[in-house]
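Engineer: What follows is a predicted protein model with its sequence.
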Amino acid sequence: MRAGFVTPVLLGFFVAAACSGNNQTSKVNGSAGSGTSASGPGTGVGGDGLNVGTGGSSASGNGTGNAGSGTLDSDAACATSSANGEPIPVDLYFMVDITGSMNCPVPEDPQTPCEVDPGPPYSKTTRWTVESAALSAFVSDPLNQGLGVGINFFPSQSNLCNAATYVQPNVEIGTLPGAAMALDGAIMAQTPGGNTPTQPSLDGALQHASAWAKAHPTHKVAVVYATDGYPKGCGASNTIPAAATLAAAAFSGNPSIATYVLGVGPNLTDLNSIATSGGTGKAFLIDTTKNAATELATALASIRTTAVVGCTYNIPAPPAGQALDPAKVNVTYTDSQGKVTSVLQDPPGTDCAKGAGWQYSSDGKQINLCGSMCTSVKAESGGRLQVLFGCATLVGGPLK
């Protein structure tokens, strides 16, 4: 089993050594102990919820007080040992455009955008030379160590319009940095040419990503679809709406596959519909009339960050001799400023997407952050999620 990509959000867990209090109550003072001596009663010091009350005293001597009573502070009682959780491995499957228009020069004239192969002699700096360099830099970047990456290219030289042609990868998904050499070699071996089979190439990529996710159920898998133009050729079914429909079906499927879209060239705003349908908001559109190399590097880094900082966390196995009780699990989130928030469990059976807390996955092996809580975590790097074990789960009220 390969090592997972370590996310900026860490997961820890705590095991109870003793848990005599309910974590829905806060620490309160116990009642005073009562003491007696030969000369009369004394007044003891009450327990504080963690300590035993002391004996009472009188003018003539010390009495022996009874223990003060109090409710234990849940964190103090239950969070007595810890271990790091297991970050979810993240795999990105790239489907990359090498059509003829990737030979267009960069930077290009905004008044006369390049939409087809300009023909030789080609500029020393083209969309493809800039994008290929950015992809090679991405797979060799030490920040991506542990990330799974695979790649394929379109159009195929045979069966151009058949989705099955694009299911088999050029380089299978593998872990960086070990997979970097094969990926870089595949990128450098490409020569742009041909039309744009958007719908079949995306179909093949999503099929492969889904099959990979089913074979690796603990992984989070997404497609990165990089193109410089709109569909061309392959009949009436090769359209942006058809591609968006594929992306929507994959995102709502089981396993869910997100689609990130990288648009390299001018006038590509229609690609946003594929990204939106694929669950990633909008496409990363690279302005090839400006510094395309810098924009590409920034876009790839953003894709890495948003893909890795997710909302699903594996529940770590308890230490030897301990058993997980799903009714005694609580979650806290510490943001990058050190502020700690207790995250309540959304009522079981409610729609997690509309919630603000957390729920178990259907198999009970993972924790999913819901709704607005998920949005907050994805918007910030450097936070820390902790799973507390041993005290009764705090459940939020009904969702509105």
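Structural biologist: The structure has been received and is ready for your questions. Residues are numbered from 1 along each chain as shown.
Engineer: packing partners for the helix or strand containing Ala226?
Structural biologist: When elements are assigned from DSSP states H and E, Ala226 belongs to strand 220-227. Judged by 3 or more Cβ pairs under 8 Å, 6 or more residues apart in numbering; DSSP states H and E, strand 220-227 is in contact with strand 90-97, helix 198-215, strand 258-264, helix 292-308. Any C-beta I mention is one placed from the backbone N, CA and C, and that applies to glycine too.
Engineer: looking at those, which is closest to Ala134?
Structural biologist: helix 292-308 (3.9 Å; Cβ to Cβ).
Engineer: what's the following helix or strand after that closest one?
Structural biologist: Following helix 292-308 in sequence, per DSSP H and E, is strand 312-314.
Engineer: Would you mind listing the buried residues in that following strand?
Structural biologist: For strand 312-314, a neighbour-count test (16 or more other Cβ atoms under 10 Å) marks 313-314 as buried.
Engineer: Please apply the same query to stretch 101-114.
Structural biologist: Applying 16+ other Cβ under 10 Å to stretch 101-114 flags 101-106, 108, 114 as buried.
Engineer: Could I get the average pLDDT for it?
Structural biologist: For stretch 101-114, mean pLDDT is 93.
Engineer: Can you tell me the SS state at Gln111?
Structural biologist: coil (DSSP: H, G, I helix; E, B strand; the rest coil).
Engineer: In contact with it: list those residues for me.
Structural biologist: If a contact means Cβ atoms under 8 Å, 6 or more residues apart in numbering, then Gln111 has no contacts.
Engineer: Thr129 now?
Structural biologist: Contacts of Thr129 by Cβ under 8 Å, 6+ apart are Val106.
Engineer: quick one: it is in a helix?
Structural biologist: Yes - according to three-state DSSP, the state of Thr129 is that of a helix.
Engineer: separation between it and Cys104?
Structural biologist: 11 Å (Cβ to Cβ, to the nearest Å).
Engineer: buried sites along stretch 386-400?
Structural biologist: Residues of stretch 386-400 classed as buried: 386-394, 396 (neighbour count, 16+ other Cβ under 10 Å).
Engineer: got it, and stretch 203-220?
Structural biologist: Residues 203-210, 212-213, 216, 219-220 are the ones in stretch 203-220 that count as buried (16+ other Cβ under 10 Å).
Engineer: Can you give the contact residues for that stretch?
Structural biologist: Contacts of stretch 203-220 (Cβ under 8 Å, 6+ apart): 88-91, 93, 95, 148, 150, 152, 163-169, 173, 221-223, 225, 246-247, 250, 253, 255, 257, 259, 307, 310, 312, 314.
Engineer: Can you say which of those are buried?
Structural biologist: 88-91, 93, 95, 148, 150, 152, 163, 165-167, 169, 173, 221-223, 225, 246-247, 250, 255, 257, 259, 307, 310, 314.
Engineer: quick revisit: for the strand holding Ala226, output the C-alpha coordinates as CSV.
Structural biologist: C-alpha atoms of strand 220-227 as CSV (Å, rounded to 0.1, in the frame of the first residue of the first chain):
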residue,chain,number,x,y,z
LYS,A,220,-9.8,10.3,-3.4
VAL,A,221,-9.6,10.4,-7.2
ALA,A,222,-10.1,13.3,-9.6
VAL,A,223,-9.6,14.1,-13.3
VAL,A,224,-7.7,17.1,-14.5
TYR,A,225,-8.8,17.9,-18.0
ALA,A,226,-6.5,20.2,-19.9
THR,A,227,-7.5,21.7,-23.2
